[in-house]
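**Student:** pasting the sequence and the predicted coordinates here, then a few questions.
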Amino acid sequence: MNVDEGLDGDAPVSAHSSGRETLRHDAAEYVRELIFSGELKPGRRIDQDRLALKLGVSKLPIREALITLKAEGLVEGMARRGAFVAPLRVLDIEDHYQIYGLLSGLAARRAATAISSEEIGELERIVDKMSSAAPESFELRHSLHRQFHSIVNRAGGSRRLRAAIRDAAESIPSRLYSKQRGQSDEALAEHRRIIACLRAQDADGASRETAAH
């Protein structure tokens, strides 16, 4: 497949996006989606000029986005040759989720003795909304999922830990997780078990359930 084919679909970035950081983030997310969807194959050169034109931005946020993706191991930089999609192994994905789980579990462990009853009540309300959300309402379900874990992470995570969790969450497209699990009864049950551990101030249980989730 020609690399340009991956740039033919709808793009999430426009010239009206505000802020350099937003442009970098959106460009990185767009290329990340192309890589994980298989539209950009390993070893393919990423056409930065075409990508900038497609997204309606200058080349600066594109270069910054590729630097971000290189740090994530998704892009390889070749001197005087440009940026190429890096090989991606199953082990890369497995290790990512192991790291993500460990970080999130650490925040949940601390949250077990720090979270308020009001915050636990909000977690319960969020899970109730998840349960009643339509299966096809991906954006709503994803937003509720982020709200749930944001509350736990705020209650138990330092600024540095929250930043590390955020980086881990953003470096794999959320839709990859959604396509694998969707809004299953199992996922809802996992959220409820996390709440039960937090309510009981069970630090080991909160860490274990969150890491497994």
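**Tutor:** In hand now; what should we look at? Residues are numbered from 1 along each chain as shown.
**Student:** three-state assignment of A164?
**Tutor:** Put simply, A164 is helix when judged by DSSP: H, G, I helix; E, B strand; the rest coil.
**Student:** what is the neighbour count of it?
**Tutor:** Neighbourhood size, A164 [other CB atoms under 10 Å]: 18. Using the backbone N, CA and C atoms, a C-beta is placed for each residue, glycine as well.
**Student:** OK, contacts around it?
**Tutor:** Applying CB atoms under 8 Å, 6 or more residues apart in numbering to A164 gives the contacts L103.
**Student:** if you set the cut-off to 10 Å instead, what comes out?
**Tutor:** By CB atoms under 10 Å, 6 or more residues apart in numbering, A164 lies in contact with 99-100, 103-104, 106-107, 157-158.
**Student:** quick check: it vs S171, distance?
**Tutor:** Going from A164 to S171 by CB to CB, to the nearest Å gives 11 Å.
**Student:** residues that sit against both of these two, list them.
**Tutor:** Jointly contacting A164 and S171 under the rule CB under 10 Å, 6+ apart are 99-100.
**Student:** wait, which of the contacts of A164 is closest to K54?
**Tutor:** Nearest to K54 out of those is Y100 (CB to CB; 29.7 Å).
**Student:** my read: that closest one touches S171, true?
**Tutor:** Yes. Between Y100 and S171 a contact is recorded at 8.9 Å, counting by CB atoms under 10 Å.
**Student:** would you mark the buried spots in stretch 74-94?
**Tutor:** Neighbour counts over stretch 74-94 (16 or more other CB atoms under 10 Å) mark 74-76, 83-86 as buried.
**Student:** tabulate those (CSV), appending pLDDT and distance to R24.
**Tutor:** CSV is the format used below for these (pLDDT from 0 to 100; distance: CB to CB, whole Å):
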residue, pLDDT, distance to R24
L74, 91, 15
V75, 94, 14
E76, 93, 19
A83, 93, 14
F84, 95, 19
V85, 95, 18
A86, 93, 19
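**Student:** in CSV, list those residues along with distance to A212 and secondary structure.
**Tutor:** Below are those laid out as CSV (distance: CB to CB, whole Å; DSSP: H, G, I helix; E, B strand; the rest coil):
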residue, distance to A212, secondary structure
L74, 26, coil
V75, 31, strand
E76, 33, strand
A83, 36, strand
F84, 35, strand
V85, 31, strand
A86, 29, coil
